[in-house]
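**Q** sequence and computational prediction follow.
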Amino acid sequence: MATFGTLSDRLTETFRNLRTKGKLTPADVDGTVREIRRALLDADVALPVVKEFTAKVRERALGDEVNRALNPAQQVVQIVNEELVAILGGEQRRLQFAKNPPTVIMLAGLQGSGKTTFAGKLAKMLEKDGHTPLLIAADLQRPNAVNQLQVVAQRAGAAIYAPEPGNGVGDPVKVAKDGVEVARRQQHDVVIIDTAGRLGVDAELMKQAADIRKATDPDEVLFVIDAMIGQDAVNTAKAFQDGVDFTGVVLSKLDGDARGGAALSVASVTGRPIIFASTGEGLDDLEAFHPDRMASRILDLGDILTLIEQAQQAFDEEEALKVAEKLATETFTLEDFLAQMQQMRKMGSMKKMLGMLPGMGSMKDQLDNFDEREIDRTEAIIRSMTPAERRNTKLLNGSRRLRIARGSGMTVTDVNQLVQRFDQAAKMMKTVARGGVPNIPGMGPIPGAGRPGASSKRGKQQKAKGSRSGNPAKRAAENAGIAAQAAEGPTGSGFGLGGGGAKGAPTEADLAELQKMLGRG
């Protein structure tokens, strides 16, 4: 996650140095805690939070739980992870819905924190869960705030109550109160009130927000805070807590490049949980906040659970069964491949998905250079084909490939490479569907895959194989090379693309291969 990138790099480097030590001394622990303290302070985490955090880490790291551990360095990483989860709020907190609808959700925060955009994101998320939200335009101070909320509501497909034009005209307290009554009459089960913000905390802002809260009696008051505003985030949160009080926090702009550590302080300083995290400008870029998953991302341990949830939302189970059947019957075509690519697109940015994998923090440059437009180029090539050509690539002679290249704005070489990669992938998937052993380029057959006994037999054949050169010196050198390769074991990552890199993490070659599979080589 971009906002915590610097903090993540510093902590990862600290733990990397720690892993070289077989046994931790008090001096090692003190040095590690010192580096953690510097990393947190550089990331704008509030000083009281840093002191409490490092004190707990030091106390636990010098305790018996580390001394008894087989791997002390890993145990310290686990301690830091657990304490990081604690300052982020501990357990996930969901929205609390009223027993008798409508549930009233009031948004508060400074101007520019992202309240209006968040209102649309929340409305869309609630609609997906079967709710019928109503947005209320109670920000009547900021120029064009009402128009902005109307546009956002239209994009989100949500209803809106905006009786006043805004721009300083109208009573926001009356609008909010009337809006709740309208929602009750029209049977909307959730109301989202977008309130006014200011460039800074002032008495007028607090009084208006307090009056709206008193008039509507909201079930949730969500404080929307910009993760990029630095230490002032803590002061602002305290001011709102004293003046209005709130039940939960929303972190916005977590996709920014600021240090963002102050956002880590909000839950600890205010005692209020972080409920949502906004990770982009799109209306779908909203996540329920999981403290344990966020801590894992900061420590570069990945966020596989969120990745799985996104995949489950994007992929249709019935469609997946059809694809599996087509693979088994050798009828998988470029049309099916295009449909799978479109489902992948629903999951969101490939960079974000790859960033959720463990160990990807050390490959930032490769991720930044990953070109997601290759998916568009691949789609353009496939869409330039006729239905018959998509179903049977053998029809693609030279003139057809030239026509497809011109129609997609690509070159004939690009078309040839796509068809070649598709044929290789289809062949490999057919082998797997039949229970065989797939032969991945650069790896050879996967050990242990396919039918029972197949890998062991292949292993025996390879074991017996040696150099047959007539030159004794050359034969000895080749046999030594084969023995060294066998001692190293099979290469390749869990992605089946390449070897090397951090354990469990894709390498630079893996990303390059993935780029080739999605688009041009």
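**A** Received, thanks.

**Q** okay, and for the protein, where does confidence drop off?
**A** 1-6, 19-22, 64-72, 199-200, 230-231, 255-263, 297, 300-330, 344-372, 428-521 (pLDDT under 70).

**Q** pull the longest helix from it.
**A** helix 412-433 (DSSP state H).

**Q** for F337, phi and psi?
**A** phi -60, psi -40 (degrees, to the nearest 10).

**Q** I382 is in contact with that one, correct?
**A** Yes - the pair F337 / I382 is scored as a contact, 7.2 Å apart, by CB atoms under 8 Å. To be clear about C-beta, it is placed using only N, CA and C from the backbone, and glycine gets the same treatment.

**Q** which neighbouring elements make contact with the longest helix of the chain?
**A** Applying 3 or more CB pairs under 8 Å, 6 or more residues apart in numbering; DSSP states H and E, we find helix 412-433 packed against helix 317-328, helix 373-383, helix 398-408, strand 439-440, helix 508-518.

**Q** now that helix against helix 398-408, angle please.
**A** 100 degrees (axes from the mean of the first three to the mean of the last three CA atoms, to 10 degrees).

**Q** using CSV, write out every CA atom in helix 412-433.
**A** Coordinates of each C-alpha in helix 412-433 appear next as CSV, following Å, rounded to 0.1, in the frame of the first residue of the first chain:
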residue,chain,number,x,y,z
VAL,A,412,1.8,-9.1,-36.9
THR,A,413,4.6,-10.1,-34.4
ASP,A,414,2.3,-9.2,-31.5
VAL,A,415,-0.5,-11.4,-33.0
ASN,A,416,1.9,-14.3,-33.6
GLN,A,417,3.2,-14.1,-30.0
LEU,A,418,-0.3,-14.0,-28.5
VAL,A,419,-1.4,-17.1,-30.6
GLN,A,420,1.8,-18.9,-29.7
ARG,A,421,1.4,-18.2,-26.0
PHE,A,422,-2.3,-19.2,-26.0
ASP,A,423,-1.5,-22.5,-27.8
GLN,A,424,1.2,-23.3,-25.2
ALA,A,425,-1.1,-22.4,-22.3
ALA,A,426,-4.0,-24.4,-23.7
LYS,A,427,-1.7,-27.4,-24.3
MET,A,428,-0.4,-27.2,-20.7
MET,A,429,-3.9,-26.9,-19.2
LYS,A,430,-5.2,-29.8,-21.3
THR,A,431,-2.3,-31.9,-19.9
VAL,A,432,-3.2,-31.0,-16.3
ALA,A,433,-6.9,-31.7,-17.0
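
**Q** just the angle between it and helix 373-383, please?
**A** Using the same axes, to 10 degrees, helix 412-433 lies at 90 degrees relative to helix 373-383.

**Q** just to check, E35 is in contact with L7?
**A** No - counting by CB under 8 Å, E35 does not reach L7; the two are 11.8 Å apart.

**Q** and the strands in the protein, which stretches?
**A** Secondary structure of the chain (DSSP state E): strands at 103-108, 133-137, 159-161, 190-194, 220-226, 248-252, 274-278, 286-288, 439-440, 444-445.

**Q** adding mean neighbour count and distance to Q241, write the ones you listed out as TSV.
**A** Formatted as TSV, those follow (neighbours: other CB atoms under 10 Å; distance: least, CB to CB, whole Å):
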stretch	mean neighbour count	distance to Q241
strand 103-108	26	10
strand 133-137	28	23
strand 159-161	20	28
strand 190-194	29	18
strand 220-226	24	8
strand 248-252	25	10
strand 274-278	23	14
strand 286-288	19	22
strand 439-440	16	56
strand 444-445	17	61
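
**Q** so for Q75, which of these sits nearest?
**A** Nearest to Q75 among the strands of the chain is strand 274-278; the distance by CB to CB comes to 27.0 Å.

**Q** what helices and strands are in contact with that closest one?
**A** Checking 3+ CB pairs under 8 Å, 6+ apart, strand 274-278 ends up next to helix 115-128, strand 248-252, strand 286-288.

**Q** what are the pairing partners of it, and which direction each?
**A** strand 248-252 (parallel), strand 286-288 (antiparallel) (DSSP bridges).

**Q** as CSV, those with distance to D42 would be great.
**A** Shown next, in CSV, are the strands paired with strand 274-278 (distance: least, CB to CB, whole Å):
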stretch, distance to D42
strand 248-252, 19
strand 286-288, 26
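
**Q** V415: which of those strands is closest?
**A** strand 286-288 (38.3 Å).

**Q** contacts for that closest one next, please.
**A** Residues outside strand 286-288 that contact it (CB atoms under 8 Å, 6 or more residues apart in numbering) are 92, 94, 118, 121-122, 124-125, 275-279, 306.

**Q** if you set the cut-off to 6 Å instead, what comes out?
**A** K121, M125, F276, A277, S278, T279 (CB atoms under 6 Å, 6 or more residues apart in numbering).

**Q** do the same with stretch 161-169
**A** L134, I136, A137, L140, P143, A145, V146, G170, V175, G179, V182.

**Q** pick out the most distant pair among those.
**A** P143 and V182 (25.0 Å).

**Q** give me the more crowded residue out of the two.
**A** More neighbours surround V182 than the other of P143 and V182, with 16 against 10 (other CB atoms under 10 Å).

**Q** how about the closest residue to the more buried one other than its chain neighbours: which residues does it bridge to?
**A** In space, V182 comes closest to Y161 once its chain neighbours are excluded; the distance is 5.4 Å by CB to CB, 6 or more residues apart in numbering. Counting by DSSP bridges, Y161 is bridged to I136.

**Q** how close does M228 sit to A288?
**A** 21 Å (CB to CB, to the nearest Å).

**Q** send the alpha carbons of stretch 381-388 over as PDB?
**A** Taking Å, rounded to 0.1, in the frame of the first residue of the first chain, the C-alpha atoms of stretch 381-388 are listed here in PDB:
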ATOM      1  CA  ILE A 381      -6.100  -8.300 -30.700                       C
ATOM      2  CA  ILE A 382      -8.700 -11.000 -29.700                       C
ATOM      3  CA  ARG A 383     -11.600  -8.600 -30.500                       C
ATOM      4  CA  SER A 384     -10.200  -7.900 -33.900                       C
ATOM      5  CA  MET A 385     -10.700 -11.600 -34.800                       C
ATOM      6  CA  THR A 386     -13.900 -13.100 -36.200                       C
ATOM      7  CA  PRO A 387     -15.800 -15.600 -34.000                       C
ATOM      8  CA  ALA A 388     -14.500 -18.500 -36.100                       C
END
